[in-house]
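> Next input, structure requested:
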Amino acid sequence: MDHHLRHILLPALTQTAIASLFGYLLLGGDAFALFVIPLHIFFGLAAWAFIWILERPMKQALGLSPPLGFANAFMAHMIYGSTALEDFFRQMGDGVTVIFGTLLFRRKGRDMMTVTAPPNLHPPGPLGEIGGSALPPRLLTESLNGRALVFHGMATHDFNPVSASEVETIAASIRDVQTGNPDWHATATHARRYQAGSVSVLAQAFGDTIFIAATRSPDITDDVEYAVGLAIIEEGKRWFRHVVLADAHNSFIDLPPPVLLGSRIGEDYREAAALACETLAGEPQYPYSVGFSQRDLPFTHEEGGFGDLGGVMAMVTVVENRETVWLVFDGNNLHVGIREELRDLLMQECEKCEECEISTSDTHVVNMASGKNPVGWKVPLALFLPFVREAVDSAREDAAPAECAGGTAHCADVVVFGSQRITQLAGIVTGGSVGIVWPVALIITLFAFVSTGVVYFLLS
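Next comes the predicted model:
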């Protein structure tokens, strides 16, 4: 796995030196030496030329040095779980400042709960334990002491944190909201659903803060560009002081392109959210209760696509004896159709349930090489449905009168991949590097053999 010349030169020379010595003794002295010396020289130059050609596109475009070290770090991550890839991501990363909204719930005799969609970064990614892949569980268990419900923000892989250390920057911004002097409100609207084009949003207002979860299910959707989310948040501030926006990220079978600002789908997201904000701003608010729960599921990353949080988190809000169920699976998207089937079941089983939305955190700890491992793909709904029911029932039992405070914070100097970096990297690997490996290797090898033969005959 080592790419440093000084580290690999001695082992490589040991093998070739021993082979050359035995060849010299067994095959006949000077004639063999005339052949083996130029052979080593030309093949050494050929290997150097091959590496130089292979590395050049990645080094010029992304500034990675040494580029083959990137490949070694990737293999080390796949085999040993190494985090050395983060050093290369930091080389190509950019520092950004993003805004985000957070909901704080306090209930008498219980710990404060935080509901957040991590600051419009792409919280998970890119793969395994690298970068922000495990951001939801780290926020929960390490930085916020397990008292948080972490939704997926609106951002693409361009906004992947480059290393796990960036999670603390995000958590610090959330703690600033918690320890500030927020305005508490003991009333909320009923949760309502609004539609624009292919986009459906479920929204509920708590005092001067609105929480919105958006989906296109059953249409296939993966990520929504950061600019779309930012536009929604800024427009929503016409009616509400704080806007907490989540991408439900809940319908997947094949990887679609991201939703971009100005596209028809992007406009559907904006129009649906604006309709929700405008309408709920005029809705009456009532005292409410809220309950939380989390249940582990007995499936591994590979079996079920469930992340390190173990399974499903539930929040139940109760307004005028009418319930809204919010579910978050710690997984990378939902298999297409699962959201509709599960939502229908939960609403049919409880007469008081007037609305329900199923989301995923989009954790990438379930993805090592492939990005396809949605919840419900390998493990059918029937096998994990009992655990979901337990989580919802437990959240109902946990419900208690609550007050809510919203907060909007700026998360500064978070180092992310940067604009179009993922696209550049994929293009270089598939076209600029891998695409030329075989012809370049063949040409260089033939050149080395021919050169060695010419030198041998001239010297002999």
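
> For D247, list each beta-bridge partner.
A214 (DSSP bridges).

> In contact with it: list those residues for me.
The contact partners of D247, by CB atoms under 8 Å, 6 or more residues apart in numbering, come to 117, 151-154, 213-215, 223-224, 229, 359. All C-beta spots, glycine's among them, are computed from the backbone N, C-alpha and C.

> Of these, which belong to helices?
Among these, the ones falling in helices (DSSP state H) are G229.

> Report the lowest-confidence entry in the contacts of D247.
Across the set of the contacts of D247, A117 stands lowest in pLDDT, at 79.

> quick revisit: pick the one among the contacts of D247 closest to L275.
A214 (11.7 Å; CB to CB).

> Tell me if I'm right that L381 and I338 touch.
Yes: because the distance of 5.7 Å satisfies CB atoms under 8 Å, L381 is recorded as touching I338.

> which stretches of the stretch 251-400 of the chain aren't confidently modelled?
The stretch 251-400 of the chain contains residues with pLDDT under 70 at 304-305, 308-310, 366-371.

> Do a quick rundown of the helices in it.
264-280, 301-304, 338-349, 381-398 (DSSP state H, counting those that start in this stretch).

> for the stretch 101-250 of the chain, same thing?
Under DSSP H, counting those that start in this stretch, the stretch 101-250 of the chain gives helices at 135-137, 166-179, 226-236.

> Could you identify which of those helices is most buried?
helix 135-137 (a mean of 27; mean count of other CB atoms under 10 Å).

> what about that one, average pLDDT?
53.

> returning to that earlier point: go through the helices of the stretch 251-400 of the chain and name the closest to V328.
Nearest to V328, of all these, is helix 381-398, at 9.9 Å by CB to CB.

> could I have that closest one exported to PDB, CA atoms only?
Below are the C-alpha coordinates for helix 381-398, written out as PDB (Å, rounded to 0.1, in the frame of the first residue of the first chain):
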ATOM      1  CA  LEU A 381     -40.400  -4.200   5.200                       C
ATOM      2  CA  ALA A 382     -42.200  -7.100   6.800                       C
ATOM      3  CA  LEU A 383     -39.000  -8.000   8.700                       C
ATOM      4  CA  PHE A 384     -38.300  -4.500  10.200                       C
ATOM      5  CA  LEU A 385     -41.900  -3.300  10.500                       C
ATOM      6  CA  PRO A 386     -42.300  -4.600  14.100                       C
ATOM      7  CA  PHE A 387     -39.400  -2.500  15.200                       C
ATOM      8  CA  VAL A 388     -40.900   0.600  13.600                       C
ATOM      9  CA  ARG A 389     -44.200   0.000  15.400                       C
ATOM     10  CA  GLU A 390     -42.300  -0.300  18.700                       C
ATOM     11  CA  ALA A 391     -40.500   3.000  18.000                       C
ATOM     12  CA  VAL A 392     -43.700   4.800  17.200                       C
ATOM     13  CA  ASP A 393     -45.600   3.300  20.200                       C
ATOM     14  CA  SER A 394     -42.700   4.200  22.500                       C
ATOM     15  CA  ALA A 395     -42.700   7.800  21.200                       C
ATOM     16  CA  ARG A 396     -46.400   8.000  21.800                       C
ATOM     17  CA  GLU A 397     -45.800   6.900  25.400                       C
ATOM     18  CA  ASP A 398     -43.000   9.400  25.800                       C
END
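
> Can you give me the buried ones in it?
The neighbour-count criterion (16 or more other CB atoms under 10 Å) identifies 381, 384, 387-388, 391-396, 398 as the buried residues of helix 381-398.

> swap in stretch 315-322?
Neighbour-count burial for stretch 315-322 [16+ other CB under 10 Å]: 315-319, 322.

> Turn these into a markdown table, columns for distance to I253.
Compiled in a markdown table, these are given as follows (distance: CB to CB, whole Å):
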| residue | distance to I253 |
| --- | --- |
| M315 | 27 |
| V316 | 30 |
| T317 | 31 |
| V318 | 35 |
| V319 | 35 |
| R322 | 34 |
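
> Let me know the closest of those residues to L442.
Nearest to L442 among the buried residues of stretch 315-322 is M315, at 59.3 Å by CB to CB.

> distance of P258 from L442?
For P258, the distance to L442 (CB to CB, to the nearest Å) stands at 38 Å.

> Quick check: buried residues in stretch 253-261?
258-259, 261.

> Show me what the helix or strand containing H410 is packed up against.
Using DSSP states H and E, H410 falls within strand 403-416. Judged by 3 or more CB pairs under 8 Å, 6 or more residues apart in numbering; DSSP states H and E, the packing partners of strand 403-416 are strand 94-106, helix 166-179, strand 209-215, strand 242-247.

> quick one, it and strand 242-247 angle?
Taking axes from the mean of the first three to the mean of the last three CA atoms, to 10 degrees, one finds strand 403-416 and strand 242-247 inclined to each other by 60 degrees.

> Tell me the buried residues in strand 403-416?
Going by neighbour count (16+ other CB under 10 Å), the buried part of strand 403-416 is 403-409, 411, 414-416.
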